[in-house]
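Participant: Here's my sequence, what's the structure:
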Amino acid sequence: MKRKITVLVLMLAGAAAVFAQEAGGQDAASQTSVWKYFAAALAVGISCIAGGIAVGQIGSAAMGAMSENEDLSGKALPYAGLAEGICLWGFLVALLILIL
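Facilitator: Residues are numbered from 1 along each chain as shown. Below you'll find the predicted structure:
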């Protein structure tokens, strides 16, 4: 799994380098905007992948705990919400990158 994510990130970095080379006749401000969009995409993408992995593991553990004790069903919900918050923070970071 880690190998697939690493290959995907390297492919995206190579694609960004190709687009940056094509824009060679443009000024530095336009090349900076290319990197802004690339950084924002990475912030959202990586945080959502990490949030999905975390929610999957939390959900699996919660189902195992609920199969043994039904009273634990409501106690796992805040942990899933914390894991989904990772995606929200990635989105907020991407907005800050694009705005500033």
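
Participant: so where do the helices sit in the chain?
Facilitator: Along the chain, the stretches classed as helices by DSSP state H are 2-22, 28-68, 77-99.

Participant: got CSV for these, with mean pLDDT and mean neighbour count too?
Facilitator: Backbone N, C-alpha and C define where each C-beta goes, glycine included. CSV is the format used below for the helices of the chain (pLDDT from 0 to 100; neighbours: other C-beta atoms under 10 Å):
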stretch, mean pLDDT, mean neighbour count
helix 2-22, 62, 11
helix 28-68, 88, 14
helix 77-99, 91, 14
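
Participant: Mind listing residues that contact stretch 56-68?
Facilitator: Applying C-beta atoms under 8 Å, 6 or more residues apart in numbering, the external contacts of stretch 56-68 come out as L72, S73, A76, Y79, A80, A83.

Participant: Roughly how far does the fifth one sit from G90?
Facilitator: Distance, A80 to G90, by C-beta to C-beta, to the nearest Å: 17 Å.

Participant: Same check on A76?
Facilitator: 23 Å.

Participant: rewinding a little: closest one to I46 out of the contacts of stretch 56-68, please.
Facilitator: Lowest distance from I46 to the contacts of stretch 56-68 (C-beta to C-beta) belongs to A83, with 14.3 Å.
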